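In: Mind folding the following:
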Amino acid sequence: MDITATLEAKSSQLNTDDLIAGARTITITQVSAGSAEQPVAIGFEGDNNKPWYPCKSMRRVLVAAWGADSSQYIGRRVTLFRDPAVTYGAIQVGGIRVSHLSHLDGPLIIALTVTRKKRTPYRVQPLAAAPAPAVVADAEQACRAAGLTDAGIAALVHGISQGECSSLRDLPLELLTRLVKAGVSPEMVSRCNGAAPDPEPPADDLPAAESA
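Out: The predicted structure is shown next:
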């Protein structure tokens, strides 16, 4: 049984507790005005009416990467993760941070304010384009044929993406292609159909891609 859904916080917005199980890649559907304290609300596919309210630092990252015109953000993708080191006052409360963005030509490094007297470099990696739906469907069929359950597929995605993806659709095309061409090993099926996702990514267990 995959208990990820039971971890969702009872809140009107995406928060850090929703990312305890791992990072999540979202596709933006709308950007609207929020409140004085949270001025930007970002809706995304499957948000369950719980938008992401990026903090000021992450809004600076978005502007540095994509510009200030939020209408251009629609359809773009962001990988969000929970950073437990984020503090409020002197207490570590955790916070939502951006690790990857689509529509980047290469890594983005921006100096973000940590304290009034300290700024530190923050790195964001480019996010590969979303694979075609047909490729995703083929990868899911290969996983099902190998015997993976829903929880097993979730564990597989978590492992081979080091927790940066939450579904087959979010996996890079190269990994999906390897799954489609060569399938999944019995050992991986056994491991992934177990309880929680492996903390260590079993990327080496993936079948090698066939030569052209």
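
In: rest of the way, CA atoms for contacts and neighbours
Out: Noted.

In: So which residues make contact with stretch 59-75?
Out: 27, 28, 29, 30, 31, 103, 104, 108, 110 (Cα atoms under 8 Å, 6 or more residues apart in numbering).

In: Which of those residues fall in strands?
Out: Secondary structure assignment by DSSP state E places 27, 28, 29, 30, 31, 108, 110 of the contacts of stretch 59-75 in strands.

In: Closest to residue 91 out of the contacts of stretch 59-75?
Out: The closest of these to residue 91 turns out to be residue 110 (Cα to Cα; 25.0 Å).

In: okay but that closest one is in contact with residue 123, surely?
Out: Yes: contact between residue 110 and residue 123 holds when scored by Cα atoms under 8 Å: they sit 6.6 Å apart.

In: Where do the strands of this protein begin and end?
Out: Remark: strands assigned in the chain by DSSP E are 24-33, 40-44, 77-83, 87-88, 91-92, 95-101, 108-115, 118-126.

In: Just the buried ones from the contacts of stretch 59-75?
Out: Using 16 or more other Cα atoms under 10 Å as the burial test, those include 27, 28, 29, 30, 31, 103, 108, 110 as buried.

In: Please list all residues in contact with the closest residue in space to the first one that isn't next to it in sequence.
Out: The reference is to residue 27. In this structure, residue 27 finds its nearest non-sequential neighbour in residue 77, 4.4 Å apart by Cα to Cα, 6 or more residues apart in numbering. Residue 77 makes contacts with 25, 26, 27, 28, 101, 102, 127, as judged by Cα under 8 Å, 6+ apart.

In: what about the nearest residue to residue 55 once chain neighbours are set aside, how many neighbours?
Out: Among residues not flanking residue 55 along the chain, residue 38 sits closest, at 7.4 Å (Cα to Cα, 6+ apart). Residue crowding around residue 38 was assessed by other Cα atoms under 10 Å; the count is 13.

In: separation between residue 38 and residue 47?
Out: Distance, residue 38 to residue 47, using Cα to Cα, to the nearest Å: 17 Å.

In: one step back: ok, the ones in strands among the contacts of stretch 59-75 vs residue 142, which is closest?
Out: The shortest separation between residue 142 and any of the ones in strands among the contacts of stretch 59-75 is 25.0 Å, and it belongs to residue 27 (by Cα to Cα).

In: Please report the distance of that closest one from residue 111.
Out: Taking Cα to Cα as the measure, residue 27 falls 25 Å from residue 111.

In: and if you look at residue 192?
Out: If you go by Cα to Cα, the gap between residue 192 and residue 111 works out to 39 Å.

In: More neighbours: these two, which one.
Out: Here residue 192 and residue 111 are compared on neighbour count by other Cα under 10 Å; more neighbours surround residue 192, at 25 against 14.

In: my read: that one touches residue 155, true?
Out: Yes: because the distance of 5.3 Å satisfies Cα under 8 Å, residue 192 is recorded as touching residue 155.
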